[in-house]
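1. I would like the atomic coordinates for the input below:
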Amino acid sequence: MYHPTAIQQPVMPLPELPPGVEMVTLPGGYRTLAYTQPTTPLPVPAVQPIPAWAKTTALLAPTVGGGIAAAGFGISYAAPGLIAMTEALWAAVTLIAAGAFAPLLLRAGRGSVRGGAPVQHITQHVIASGMFGRATGTINHR
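-> Numbering: from 1, shown residues only. The predicted structure is shown next:
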């Protein structure tokens, strides 16, 4: 009563088994289907020489790694100088930007002053003949 009765499973006929599958008996006495190892020894692959490109790559790998390490070491020493140069470049950019906006600010300042002296307009006409000719001209005050 404590042991259930075995259920009879349908058994596949041996000719229908795929290749490599056999009926085996396990150490506990159970019989089951299992994939088995082939009994014929596998062929040993022939030893092939190492290709030239693999040898070259293996010899270049430490060289490239050493070069990258040296570059990192150099950059670590150059970092303070690079930081100073970037600060100087930002100062130059600020100076150029201030130089571009200064005339606009000066014009805005002149336009706000009313009743000042009249502005003189001077026109100049210069005529020169030839590459090394003397220039002549007139200046008109208005």
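2. so which residues of the protein form helices?
-> All helices of the chain, identified by DSSP state H, fall at 52-111.
3. find the residue at the geometric middle of it.
-> I68 (16.3 Å; CA atoms, centre = their mean).
4. what's near enough to touch it?
-> Contacts for I68 (CB atoms under 8 Å, 6 or more residues apart in numbering) come out as none. Where C-beta positions appear, they are placed from N, C-alpha and C, glycine not excepted.
5. against P103, how distant is it?
-> Distance, I68 to P103, using CB to CB, to the nearest Å: 50 Å.
6. separation between the residue nearest to the centre of the chain and L59?
-> Distance, I68 to L59, using CB to CB: 16 Å.
7. likewise H121?
-> Applying CB to CB to H121 and L59 gives a distance of 79 Å.
8. got it, and T123?
-> Taking CB to CB, one finds T123 at 78 Å from L59.
9. for the chain, give me the ranges with low pLDDT.
-> Residues of the chain meeting the criterion pLDDT under 70: 1-15, 38-39, 109-119, 141-142.
10. is T123 in a bridge, and if so with what?
-> Legend: beta-bridge partners of T123 under DSSP bridges are N140.
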